[in-house]
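S.K.: Sequence first, then the predicted structure:
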Amino acid sequence: FTFFWEKVEGLKTRRKLRFRRYLGSDEVFLEIKAREDRTVQKRRTVWPVERVARAFGEGSRLDWELVADDPVGSEAMRLIERLRLTPRAGILYRRRALFGAYDPELRVTFDSRLQYRTSGLDIARPFDTGKYLLDPRVTVMEVKYNHRAPVWLTKLARRHELSLVRMSKYCTAMDREYFHGQLS
């Protein structure tokens, strides 16, 4: 629960390890998302699902040879070893991603049907149903940019009375499952 408590307690410096797999793909993104005050950085690498299952699967010993040439994989393995990490939650959702035609740093995503599972987690066999994080009729819109939000975008958000709401899908799932939604 290390990453969960760091987020709940609002630590200014924290990081999170996650494994991201897209439906129909045999590739897995190993991602380390780090936050330093208000700056967020994501480092990622791509591995075949079989390699991830062999390196990080339940009951497997950490195989340092598998990450010898991969700084992100090495950091992931160090985190797993040092913090004794085990999979706690899987998040499933449908995503529609849009990319700026004139501003390549701008991305807008729409995530719907957000579900989670806390048992039977296996990166090699993704789940197709779980408990809902939010009402299934709700869609989460995320606006992502690398540096500063474009002025036209902040004006558009203001005009439509959009407000910033921070939400961690992972923390919401952990809170609902283990703390009855009292912390997020």
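M.R.: Right, received. Where do you want to start?
S.K.: Counting by contacts, list what the longest helix belonging to the chain packs against.
M.R.: Using DSSP state H to define each element, the chain has its longest helix at helix 71-83. Here helix 71-83 touches strand 13-21, strand 27-36, strand 39-48, helix 49-56, going by 3 or more C-beta pairs under 8 Å, 6 or more residues apart in numbering; DSSP states H and E. C-betas here are computed from N, CA, C, even on glycine.
S.K.: Of all those, which one is nearest residue 129?
M.R.: Proximity to residue 129, assessed across those by C-beta to C-beta, is greatest for strand 13-21 (16.1 Å).
S.K.: Show residues contacting the closest one.
M.R.: Residues outside strand 13-21 that contact it (C-beta atoms under 8 Å, 6 or more residues apart in numbering): 3, 6-7, 27-37, 44, 49, 52, 56, 76, 79-80, 85, 123, 126, 170.
S.K.: now do 6 Å
M.R.: Here strand 13-21 makes contact (C-beta atoms under 6 Å, 6 or more residues apart in numbering) with 3, 6, 28-29, 31-36, 76, 79, 123.
S.K.: And stretch 163-174, by the same measure?
M.R.: 4, 7, 89, 91, 116, 133, 184.
S.K.: okay if I get the residues you listed as CSV plus neighbour count?
M.R.: Output for the contacts of stretch 163-174, formatted as CSV (neighbours: other C-beta atoms under 10 Å):
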residue, neighbour count
4, 21
7, 20
89, 21
91, 18
116, 21
133, 23
184, 17
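S.K.: rewinding a little: the inter-axis angle of the next helix or strand after the longest helix of the chain versus strand 13-21?
M.R.: Sequence order places strand 90-99 as the next helix or strand after helix 71-83, per DSSP states H and E. In terms of direction (axes from the mean of the first three to the mean of the last three C-alpha atoms, to 10 degrees), strand 90-99 departs from strand 13-21 by 90 degrees.
S.K.: Partner strands of the next helix or strand after strand 90-99, with direction?
M.R.: Counting by DSSP H and E, the next helix or strand C-terminal to strand 90-99 is strand 107-117. Sheet pairing here is set by DSSP bridges, and for strand 107-117 it gives strand 90-99 (antiparallel), strand 131-132 (antiparallel), strand 139-144 (antiparallel).
S.K.: quick one: which of those is nearest residue 152?
M.R.: That would be strand 139-144 among those, by C-beta to C-beta, at 12.1 Å.
S.K.: can you pick the most crowded of the contacts of strand 13-21?
M.R.: Highest neighbour count within the contacts of strand 13-21, by other C-beta atoms under 10 Å: residue 76, with 26 neighbours.
S.K.: who touches it in this structure?
M.R.: Contacts of residue 76 were listed using C-beta under 6 Å, 6+ apart, and they are 17, 30.
S.K.: helices and strands of the chain: which one bottoms out on pLDDT?
M.R.: Every helix and strand of the chain was ranked by mean pLDDT, DSSP states H and E. The lowest is helix 49-56, at a mean of 84.
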